[in-house]
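S.K.: build me a model from this:
(chains A and B)
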Amino acid sequence: MICLRNVSKDLGDFKLQNINLDIEDNEYFVILGPTGTGKTVILEIIAGMYKPDEGEVWLNNRNVTAEYPEARNIGFVYQDYMLFPHLNVQDNILFALKLKKTPKAVMKQKLEEITTLLHIERLLKRYPATLSGGEQQRVAIARALVTEPAVLLLDEPLSALDPRTKEIFQYELKNVHEQIKTTAIHITHDFNEALVLADRVGVMFDGKIEQVGTPGEVFQKPQSEFVAEFMGMENIFCGELGEAGCARYVNVGPVRICVASKLEGGRVRIAFRAEDIIIAQDELFSSAQNNLPARIMEIIPRGPFFKVHLDAGIPLVALVTKQAIEKMALVPGKHVWAIFKTSAVHVF
Amino acid sequence: MWGDVMRNRLFQAVLAIFMLVLFAFVFSALANIVWQGMAGLAQSIASEEIRFAIRLSLFTSVTSTLICIIFAIPVAYGLERLNFPGRGLFSVLMDIPLSLPPLVCGVALLLLFGTTAFGQALAEHGLRFIFSVNGIIVAQFFIITPYMIRVLKSTIADINPRLEFVARTLGCTQWQAFCRVTLPLAKNGIIAGLVISWARAIGEFGCTLMLAGATRMVTETLPVALFLNMSIGNMEMVTASATCLIIISLVSLSIFEIVGRRNNAASRII
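M.R.: Model prediction:
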């Protein structure tokens, strides 16, 4: 178990502010956030490269804040692998075991196990400079895991790989974690990685942990504007929460949006996804409570879809297919209806 | 179009002329002295004086280079990796002998060892540096150490500190990480530093002259031999000493080039 208690660190360019985290044994925890928010610094503090200015680091019920990295039993994998260039793959992997003067038979057995697990048996005599990114990554993970670390720290381990290798490796990493059963902290800016790998996710912004939860919770129910934006919610507004009879609503400027929220009244934020908005030619009598007349402002292609910017008194963004655009003859200036369900609107 | 071609040709011709003139100047100066020196080289090397000078030069330069590397590695590593107040100032101070005329360095050392209580205390314990072989070693050490530190600092700066950090997460102490990761990776830089420092040590004259003096068959290194024979007009010995020094320079420069090609960090400095 890893606990960070009120950890703060100012490194000039990166600043961590009052970080509190509890990571369970054998959990795969992903720290998610944009580049430059100090994610790597958290790992380096856990590993002992930096001492926090304030706060404590606990590892398996032991306060390790003042301990040197070599005393912490941690496996560290950097984004750029950091394999020792003067050693071949075998010597890189066995680096720690040789240091501890492990008996040769044990080393041989461990080497076999780890190289089989990571499919790198063929690479043992090669030098890091001759390996591809994916191969280097496997070797770096093998080198970290062979010591049976209490915690495996992975700093953007997939970001330097090409998309195809990345996808394969993502699932392999999950498989390796399931077999090895160690606590892992993985840093990334890619939500898809978190979705595939994470038991829980911590979303980080500007040196602070904004929200911790399962990937589903964080994706569906962001607790701050930043998290909502980072999770790809494009319709985020502030408004007053009110009640009329048994219906609850939020007034956003001139527009009333029906919501289902247990929050007390007052100032709240609402967020909903572009893909949850249906565009209709006419007002639709359906179970969806939110029917807003709107005018199309702009249509922008995004991947296989089109982003439709609407003016419904408030600016909305909807996501539709090319067929829908053609069938409904959607063009800027056209009057349509924007329809979405109450349950799609997240209030926080 | 044709005008552009001509202008480019003209530009290249100007470059070629400058290169040729400088090459001819350096080559003719060196070739001339080697040509003259070669004639009497065998005879001069047979002379007791030149043999003494070669032996003394080799002994002092190897000794000073070895002492230099012992100091330069920890100092360069400390300057690159440790964060301490006054690091910049310390670094500048270490570089000062690089830009000072060697004669000034020599006077500074002469005054330190000759006129201060520190120098006298050393002398009382048998460490005499003035007008002695020890003085030659100290003078060479003083002159070459900043070069070595520069080469090594640049080499160490090119080694990612995270490599050492990873080594520490794998169980290394700071010392073990240094020995097992940084030092092997700095190998080429260290070899390059050794060669360039040794070549400078063997050719050191100004600082040696001030501290150790120029006494025939006592503190007579190759450059001193050249100087002493020049002052009495013995041109055969002058050209022989010069030829020896040129051969040493060429050999060390070749080694440096070969190593330097594998180590850009070191070759950038020189």
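S.K.: which residues touch stretch A:187-194?
M.R.: With CB atoms under 8 Å, 6 or more residues apart in numbering or on different chains as the test, stretch A:187-194 has contacts from A:30-35, A:39-40, A:42-43, A:154-156, A:158-159, A:170, A:186, A:201, A:215, A:218-219, A:230-232. For glycine as for every other residue, the C-beta is placed from the backbone atoms N, C-alpha and C.
S.K.: I misspoke; the intended subject was stretch A:293-304.
M.R.: A:283, A:306-312, A:315-316, A:319, A:321-322, A:325, A:330-338.
S.K.: shaky segments in the stretch 201-348 of chain A?
M.R.: Filtered on pLDDT under 70, the stretch 201-348 of chain A yields the residue ranges A:246.
S.K.: pLDDT value on the closest residue to residue A:82 other than its chain neighbours, please?
M.R.: Distances taken as CB to CB, 6 or more residues apart in numbering or on different chains place residue B:166 nearest to residue A:82, at 4.7 Å, with adjacent residues excluded. Looking at residue B:166, its pLDDT reads 95.
S.K.: hang on, residue B:166 packs against residue A:80?
M.R.: No. Applying CB atoms under 8 Å, one finds residue B:166 not in contact with residue A:80, separated by 10.8 Å.
S.K.: quick one, what contacts the residue nearest to residue A:82?
M.R.: A:76, A:78, A:82.
S.K.: following whichever helix or strand it is part of, which helix or strand shows up next?
M.R.: Element membership for residue B:166 (DSSP states H and E) is helix B:161-169. Counting by DSSP H and E, the next helix or strand C-terminal to helix B:161-169 is helix B:174-177.
S.K.: would you mind naming what in chain A lies close to chain B?
M.R.: Within reach of chain B by CB under 8 Å from any CB of the partner chain, chain A has these residues: A:44, A:47-49, A:68-70, A:72, A:74-76, A:78, A:82, A:84-86, A:95-96, A:99-100, A:143-144, A:147.
S.K.: are any of those residues buried, and which?
M.R.: Neighbour counting with 16 or more other CB atoms under 10 Å in any protein chain shown marks A:44, A:47-49, A:69-70, A:72, A:74-76, A:78, A:82, A:84, A:86, A:95-96, A:99, A:143-144, A:147 as buried within these.
S.K.: in helices, which of the residues you listed appear?
M.R.: If you go by DSSP state H, those have A:44, A:47, A:95-96, A:99, A:143-144 in helices.
S.K.: now those residues in JSON lines, with pLDDT?
M.R.: Shown next, in JSON lines, are these (pLDDT from 0 to 100):
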{"residue": "A:44", "pLDDT": "92"}
{"residue": "A:47", "pLDDT": "93"}
{"residue": "A:95", "pLDDT": "96"}
{"residue": "A:96", "pLDDT": "95"}
{"residue": "A:99", "pLDDT": "93"}
{"residue": "A:143", "pLDDT": "95"}
{"residue": "A:144", "pLDDT": "94"}
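S.K.: farthest pair in the residues you listed?
M.R.: Greatest spatial distance in those: A:44 and A:99, 21.1 Å, computed using CB to CB.
S.K.: residues of the helix holding residue B:166 that come out buried?
M.R.: Neighbour counts over helix B:161-169 (16+ other CB under 10 Å) mark B:163-169 as buried.
S.K.: nearest to residue A:254, of the residues you listed?
M.R.: The shortest approach to residue A:254 among the buried residues of helix B:161-169 belongs to residue B:165, at 56.7 Å (CB to CB).
S.K.: now do the contacts for that closest one.
M.R.: A:44, A:47, A:49, A:69, A:76, B:177.
S.K.: isn't the second one right next to residue A:155, touching?
M.R.: No. Counting by CB under 8 Å, residue A:47 does not reach residue A:155; the two are 9.7 Å apart.
S.K.: which neighbours do these two share?
M.R.: Joint contacts of residue A:47 and residue A:155 (CB under 8 Å, 6+ apart) are residue A:76.
S.K.: where does chain B dip in pLDDT?
M.R.: In chain B (pLDDT under 70), the answer is B:1, B:260-270.
S.K.: please list the residues of it that sit near chain A.
M.R.: So chain B meets chain A at B:160, B:162-163, B:165-173, B:176, B:180-181, B:184-185 (CB under 8 Å from any CB).
S.K.: again, only using 7 Å
M.R.: Residues of chain B found near chain A (CB under 7 Å from any CB of the partner chain) are B:160, B:162-163, B:165-166, B:168-173, B:176, B:181, B:184-185.
S.K.: do a quick rundown of the helices in the stretch 51-200 of chain A.
M.R.: For the stretch 51-200 of chain A, the helices defined by DSSP state H, counting those that start in this stretch cover A:89-99, A:104-117, A:133-145, A:163-180, A:191-197.
S.K.: please name every helix or strand in contact with the fourth one.
M.R.: To tie it back to what came earlier, the one meant is helix A:163-180. Counting contacts by 3 or more CB pairs under 7 Å, 6 or more residues apart in numbering or on different chains; DSSP states H and E, helix A:163-180 packs against helix A:133-145, helix A:191-197.
S.K.: buried stuff in it?
M.R.: For helix A:163-180, a neighbour-count test (16+ other CB under 10 Å) marks A:165-166, A:169-170, A:172-173, A:176-177, A:180 as buried.
S.K.: adding distance to residue A:273, write the helices and strands packed on helix A:163-180 out as a markdown table.
M.R.: What follows is the helices and strands packed on helix A:163-180, written out as a markdown table (distance: least, CB to CB, whole Å):
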| stretch | distance to residue A:273 |
| --- | --- |
| helix A:133-145 | 33 |
| helix A:191-197 | 13 |
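S.K.: max-length strand in chain A?
M.R.: Ordering each strand of chain A by length in residues (DSSP state E) puts strand A:290-302 first.
S.K.: can you show me the CA trace of that strand as CSV?
M.R.: The C-alpha coordinates for strand A:290-302 follow below in CSV (Å, rounded to 0.1, in the frame of the first residue of the first chain):
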residue,chain,number,x,y,z
ASN,A,290,-34.6,18.8,-22.8
ASN,A,291,-35.8,20.2,-26.2
LEU,A,292,-34.1,23.4,-27.2
PRO,A,293,-34.7,25.3,-30.4
ALA,A,294,-31.3,26.2,-31.9
ARG,A,295,-29.6,27.6,-35.0
ILE,A,296,-26.6,25.9,-36.6
MET,A,297,-23.5,28.1,-36.4
GLU,A,298,-20.8,25.9,-37.8
ILE,A,299,-20.1,22.3,-38.9
ILE,A,300,-16.6,21.0,-38.4
PRO,A,301,-15.3,17.5,-39.4
ARG,A,302,-13.9,15.5,-36.5
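S.K.: quick one, helices of the stretch 201-348 of chain A?
M.R.: Using DSSP H, counting those that start in this stretch, helices in the stretch 201-348 of chain A cover A:215-220, A:225-230, A:322-328.
S.K.: can I get those helices in TSV including mean neighbour count?
M.R.: Converted to TSV, these look like this (neighbours: other CB atoms under 10 Å in any protein chain shown):
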stretch	mean neighbour count
helix A:215-220	17
helix A:225-230	20
helix A:322-328	12
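S.K.: make CSV out of those helices and add distance to residue B:119.
M.R.: As requested, the helices of the stretch 201-348 of chain A are exported to CSV (distance: least, CB to CB, whole Å):
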stretch, distance to residue B:119
helix A:215-220, 72
helix A:225-230, 67
helix A:322-328, 89
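S.K.: which one of the ones you listed lies closest to residue B:234?
M.R.: helix A:225-230 (83.5 Å).
S.K.: okay, now the unreliable bits of the stretch 51-200 of chain A?
M.R.: Judged by pLDDT under 70, no stretch of the stretch 51-200 of chain A qualifies at all.
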